[in-house]
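1. Just need the structure, nothing else, for what follows:
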Amino acid sequence: MEIYKLLPDTNGFILFQKDNHTILVDTGSVHSFSVSDEPLQICGTEIPISFQANELKNRGIDLELISKHVGVSVTTILGLDGLERFKFIVDESAGRIQFDTEEISLSPDWHTIPMERIDGCIIVSIKVNGVPRKMILDSGVTTSFAESLWLDACVRKGNRTDFHVFVGYNTAPILRALSEVGGFTFPIRYSVLSEEVKQKIAKANAISENTIHGILGCALMEHHRGYLDLEKGIFKAMK
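-> Got it, this is the predicted structure:
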């Protein structure tokens, strides 16, 4: 087991440091990326680096822009090909992230959120205004996105500029919808998911745009602890 302190004041993103790596945890990225030549190990397990610095911009990934937004120089994006080697808990209220290669004992208070893997992405089940939907679980953005048809009955709350690791800055209409995730019900303000956003995420992950209908951002973790065991397909959350 290894526990790391989350970096503060990162505009809501999940970052920690290990050796000379400053790592952004991105569940919306199928692959891991780095501009560092040094290997990265967690719990004695080496993290595969799919793409190095000279390949990032070909995939539309600008680490300089990401670093400027989060307020710290990011060297590494830890994607699903690295995260799937562990069981891990993100606890933003305690400011820490815990990794283990063995089972982590959880109390019965944790709520299970149905999930599956499609095109390598984590797809979670959620209800938006009572209608079952499926969204990508993506900690590479703090806010959430949904297709405009899902939000037809919702009240527009103006426009909002969001930042996504694979997209950069994006301004879109926002609408509030009552959402149910793993037994928790609360209003979420969704940005309308544009074709441009879908295309950039699909390009960076080398996946089909048809996989992307909605995105559940990491703002969910501001008030909940999250547990993921990707090998067994388990996602749980707890207040």
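2. Contacts for stretch 86-97, please.
-> By CB atoms under 8 Å, 6 or more residues apart in numbering, the list of residues contacting stretch 86-97 from outside reads 3-6, 8, 14, 16, 25, 42-43, 45, 98-104, 139, 221-223, 225-229. In short, each C-beta sits where N, CA and C put it, glycine included.
3. Helices - which of these land there?
-> When DSSP state H is applied, those are split such that none fall in helices.
4. Show me where the protein has its helices.
-> Using DSSP H, the helices found in the chain span residues 53-56, 63-70, 80-83, 195-205.
5. Remind me what the longest strand anywhere in the chain packs against, helices and strands.
-> Across the chain, the longest stretch assigned as strand under DSSP state E is strand 168-181. Using 3 or more CB pairs under 8 Å, 6 or more residues apart in numbering; DSSP states H and E, the elements in contact with strand 168-181 are strand 121-128, strand 155-164, strand 184-192, helix 195-205.
6. Tell me which of these is the most buried.
-> Ranked by mean neighbour count, these are led by strand 121-128 with a mean of 20 (mean count of other CB atoms under 10 Å).
7. just to revisit the earlier point, tell me which of the helices and strands packed on strand 168-181 sits nearest to residue 30.
-> Residue 30 lies closest, by CB to CB, to one member of the helices and strands packed on strand 168-181: helix 195-205, at 4.7 Å.
8. got the angle between that closest one and strand 184-192?
-> 100 degrees (axes from the mean of the first three to the mean of the last three CA atoms, to 10 degrees).
9. Outline the domain layout of the chain.
-> Domain assignment for the chain, taken from automatic domain parsing, gives 2-100, 112-238.
10. Convert stretch 155-164 to CSV, retaining C-alpha atoms only.
-> Extracted in CSV, the C-alpha atoms of stretch 155-164 (Å, rounded to 0.1, in the frame of the first residue of the first chain):
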residue,chain,number,x,y,z
VAL,A,155,-33.4,25.2,-17.4
ARG,A,156,-30.5,26.9,-19.0
LYS,A,157,-28.2,28.7,-16.5
GLY,A,158,-26.1,30.7,-19.0
ASN,A,159,-22.7,29.7,-20.4
ARG,A,160,-19.7,28.3,-18.6
THR,A,161,-16.0,27.9,-19.6
ASP,A,162,-14.6,24.5,-18.7
PHE,A,163,-11.1,23.0,-19.0
HIS,A,164,-10.6,19.5,-20.2
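11. sorry, back to before: turn the domains of the chain into TSV, columns for mean pLDDT.
-> Output for the domains of the chain, formatted as TSV (pLDDT from 0 to 100):
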stretch	mean pLDDT
domain 2-100	90
domain 112-238	89
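12. circling back to that earlier point, which residues does the longest strand of the chain contact?
-> So strand 168-181 is contacted by 62, 65, 113, 124, 126-130, 145-146, 150-151, 154-164, 185-194, 196-197, 216, 220, 237 (CB under 8 Å, 6+ apart).
13. Would you enumerate the residues in contact with residue 135?
-> 123, 124, 126, 144, 146, 213, 214, 215, 216.
14. Give me the buried subset of the contacts of stretch 86-97.
-> With neighbours counted using 16 or more other CB atoms under 10 Å, those contain these buried positions: 4, 6, 14, 16, 25, 42, 98-100, 139, 221, 225-229.
15. just curious, which of these is nearest to residue 206?
-> residue 139 (19.2 Å).
16. I'd assumed residue 15 was in contact with the closest one.
-> No. Assessed by CB atoms under 8 Å, residue 139 is found out of contact with residue 15, at 10.2 Å.
17. if I look at the nearest residue to residue 62 once chain neighbours are set aside, how far off is residue 138?
-> In space, and not counting its chain neighbours, residue 62 is closest to residue 168: 6.6 Å by CB to CB, 6 or more residues apart in numbering. To residue 138, residue 168 is 15 Å away according to CB to CB, to the nearest Å.
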